[in-house]
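Fold the following for me, if possible:
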Amino acid sequence: MTAIWGILNITPDSFSDGGRYLDPEVAIAHAGRLRAQGAAVIDVGGESTRPGAERVPAVEEQRRVLPVVEALATAGIPVSIDTLNADTAVAAVRAGARIVNDVSGGLADERMLSAVAETGADVVIGHWRGPSDDMYARAQYVRVAREVASELHERVAAAASAGIAPARVILDPGVGFAKSGAQNWEVLRGLDEVVALGHRVLVGTSRKRFLTETIAATGSGADAVARRDLATAVTSALAARAGAWAVRVHDVVATRDALAVTAAWDGA
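Here you go, the predicted model:
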């Protein structure tokens with residue numbers, strides 16, 4: 001079955017849960033719940049990548065994430081570090097992270113790919129066309145799924161040149177990054193273009209704007225969040241059916257159930 005990654009944002013400004021897990025003990029407890037609910041990996045991030053988010057100094061990012069990464073790794077929980085910063089990636093791997101999740105695919109920090117190569121960690125290469133403050137200006141495509149796959153292929157080649165073996169690479173089509181709502185749907189419908197590149201594929205749709213626009217789930221109440229998580233679970237199940245190796249979500253339980261039902265439907 002497709003693996004589930006649980007999202008742990010240790011940030012004050014993430015779009016749906018900013019500020020909830022800034023306390024390390026609270027973050028660690030939440031990670032434990034996600035793991036108990038069925039998350040195979042906890043994806044820990046200390047810098048928001050929501051549209052318009054400001055960059056965080058590496059020293060502050062590491063202050064937020066390293067104690068949590070170390071505690072989770074010590075407890076035997078597989079950890080991915082979600083970062084754009086090579087120094088943070090290296091420090092997190094030293095603290096016990098097994099995977100570096102770079103939504104920029106090594107473009108935000110030119111040292112990232114060579115730094116990850118030396119750590120021996122696996123790497124998630126995301127599709128990205130620029131920082132969050134102007135990424136929508138770069139959302140110009142003719143055939144979006146094909147272009148996303150082509151640009152990811154170029155980043156895989158860059159990773160190989162830096163010394164990262166193909167078996168260590170995971171691809172993320174970058175849903176929500178430099179893509180309009182309609183373009184995100186096109187990427188998901190054309191996910192086979194990315195899967196055909198032959199690497200593991202991670203898909204992250206969780207609570208993203210294009211989902212809330214589609215279902216018109218507004219506000220910050222429990223009902224709105226539940227609707228976003230239901231939409232996430234549906235897209236995650238469809239991504240799994242299209243060949244995704246893993247999905248990255250806030251609500252592990254809803255996604256776990258959606259994947260189980262899809263598997264049963266398919267006779268798996």
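
Only C-alpha atoms from now on, for both contacts and neighbour counts.
Noted.

all strands for this protein, in order.
In the chain, the strands defined using DSSP state E lie at 3-9, 41-45, 79-82, 99-102, 122-126, 169-172, 200-203, 246-249.

Now do the longest one: which elements does it pack against?
In this structure, strand 3-9 packs against helix 24-37, strand 41-45, strand 246-249, helix 252-265, with contacts taken as 3 or more Cα pairs under 8 Å, 6 or more residues apart in numbering; DSSP states H and E.

mind redoing it with 10 Å?
Applying 3 or more Cα pairs under 10 Å, 6 or more residues apart in numbering; DSSP states H and E, we find strand 3-9 packed against helix 24-37, strand 41-45, helix 58-74, strand 79-82, strand 200-203, strand 246-249, helix 252-265.

now swap in the third one and tell me
For strand 79-82, the packing partners by 3+ Cα pairs under 10 Å, 6+ apart come out as strand 3-9, strand 41-45, helix 58-74, helix 86-95, strand 99-102, strand 122-126.

Out of these, which gets nearest to Ala239?
Comparing these by their distance to Ala239 (Cα to Cα), the top pick is strand 3-9, with 11.5 Å.

what are the pairing partners of that closest one, and which direction each?
The pairing partners recorded for strand 3-9 under DSSP bridges are strand 41-45 (parallel), strand 246-249 (parallel).

one step back: right, and the helices and strands packed on strand 79-82 - which one's nearest Asp109?
The closest of these to Asp109 is helix 86-95. By Cα to Cα, the value is 6.5 Å.

list the buried ones in the closest one?
By neighbour count with 16 or more other Cα atoms under 10 Å, helix 86-95 contains the buried residues Ala86, Asp87, Thr88, Ala89, Val90, Ala91, Ala92, Val93, Ala95.

just stretch 188-206 next, same as before
Applying 16+ other Cα under 10 Å to stretch 188-206 flags 188, 190-195, 199-206 as buried.

end-to-end on that stretch?
Start and end residues of stretch 188-206 are separated by 13 Å (Cα to Cα, to the nearest Å).

isn't Thr232 right up against Val253?
No: with contacts defined as Cα atoms under 10 Å, Thr232 does not count as touching Val253, sitting 11.4 Å away.

more crowded one of the two?
Taking neighbours as other Cα atoms under 10 Å, Thr232 and Val253 compare with Thr232 leading, 27 against 18.

Name the nearest residue to the more buried one, ignoring sequence neighbours.
Among residues not flanking Thr232 along the chain, Ser206 sits closest, at 5.1 Å (Cα to Cα, 6 or more residues apart in numbering).
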